[in-house]
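Undergrad: below is the sequence, then the predicted model.
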Amino acid sequence: MKTPSNRVDADDVMTWYDTIASSYDELYGDEQLRKYDHIFAVLQAPGNIPCKEDLVVIDVGCGTSLITEELSRLLTMRTYYYVGIDLSLNILEIAKKRVNKLDVITDLIAGDAASLPFRDEVADVIFSISVFRCEDPVNNLVQEAKRLCRGSGVMAFTVVCGEGVERTACYGSSNPFYESVIRSGRELIRIVKCQQPKNNTSSREGRDKR
């Protein structure tokens, strides 16, 4: 779900998603699941998620919290606290129905990706899927989300670019350990460690074009 920093745009987006909330999963569910497949294939590798119990997961632009069903499968043997944030109250109502069916401690919050209502370094995993666009101040938005992430944590986000992903090459956090282009070259997935290990020469970068 897009959450632009411009207040007028944000109000327009909120109105749009409030209107389509009941059909959101039908319209976008399959597309979002394909992105989660890419991301979780990377995160399930040893060392890519902090090795601890009681993970804190923040989902910026959570939509209907579809990601929680996949996340529960990824973290089968671990507990986590999920916090979803989105502009649309109608969307959050649907998210609430979904997360209530899961055995997960959850909070859902109405808010904007440009100014997140959390203190620094509170999360182990940050997601922000299909929120950032090429025309947004992507670096600023990514840094606002990334400030929530603890040093050992990881952040996965995407940047949507209608003309292709070439312009996103310098956007977002530096040193992604995984990068993938999906949706016929229209959306860039990046996964980054919140704190890059020193002298790490074994970073992994994948290119998966569809």
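TA: That came in fine, so what should we check first?

Undergrad: so where's this structure shaky on pLDDT?
TA: Low-confidence segments of the chain, defined by pLDDT under 70: 1-10, 163-174, 183-185, 196-210.

Undergrad: tell me which stretches of it form strands.
TA: 55-60, 80-86, 105-110, 123-133, 149-160, 178-182, 187-193 (DSSP state E).

Undergrad: how about the ones you listed in TSV, adding mean neighbour count?
TA: Any C-beta I mention is one placed from the backbone N, CA and C, and that applies to glycine too. Formatted as TSV, the strands of the chain follow (neighbours: other CB atoms under 10 Å):
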stretch	mean neighbour count
strand 55-60	24
strand 80-86	23
strand 105-110	15
strand 123-133	24
strand 149-160	22
strand 178-182	20
strand 187-193	23
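
Undergrad: any idea which helix is longest in this protein?
TA: helix 24-43 (DSSP state H).

Undergrad: gap between it and the chain center?
TA: For helix 24-43, the distance from its own C-alpha centre to the chain's C-alpha centre is 11 Å (CA atoms, centre = their mean, to the nearest Å).

Undergrad: just list the residues touching residue 109, thanks.
TA: 83-86, 117 (CB atoms under 8 Å, 6 or more residues apart in numbering).

Undergrad: switch the cut-off to 6 Å
TA: residue 85 (CB atoms under 6 Å, 6 or more residues apart in numbering).

Undergrad: from residue 95, how far off is it?
TA: 10 Å (CB to CB, to the nearest Å).

Undergrad: repeat for residue 23
TA: 15 Å.

Undergrad: neighbour count for those two, which is higher?
TA: Using other CB atoms under 10 Å, the more surrounded residue of residue 23 and residue 95 is residue 95, with 26 against 10.

Undergrad: which residue, other than its chain neighbours, is closest to the more buried one?
TA: Among residues not flanking residue 95 along the chain, residue 65 sits closest, at 3.8 Å (CB to CB, 6 or more residues apart in numbering).

Undergrad: tell me who's in contact with the one you found.
TA: Residue 65 neighbours (CB under 6 Å, 6+ apart): 84, 95, 98-99.

Undergrad: now with 10 Å?
TA: 59, 71, 82, 84, 86, 91-92, 94-99, 102, 104, 106, 108 (CB atoms under 10 Å, 6 or more residues apart in numbering).

Undergrad: how many neighbours does the spatially closest residue to residue 72 that is not a sequence neighbour have?
TA: Of all residues not flanking residue 72 in the chain, residue 102 sits nearest, at 5.7 Å (CB to CB, 6+ apart). By other CB under 10 Å, 14 other residues sit near residue 102.

Undergrad: check residue 30 too.
TA: 9.

Undergrad: mind checking how far stretch 35-51 is from the chain centre?
TA: Relative to the centre of its chain, stretch 35-51 is centred 13 Å away, using CA atoms, centre = their mean.

Undergrad: quick check: end-to-end length of that stretch?
TA: 23 Å (CA to CA, to the nearest Å).

Undergrad: buried stuff in it?
TA: Neighbour-count burial for stretch 35-51, counted by 16 or more other CB atoms under 10 Å, picks out 35-36, 38-39, 42-43, 48-50.
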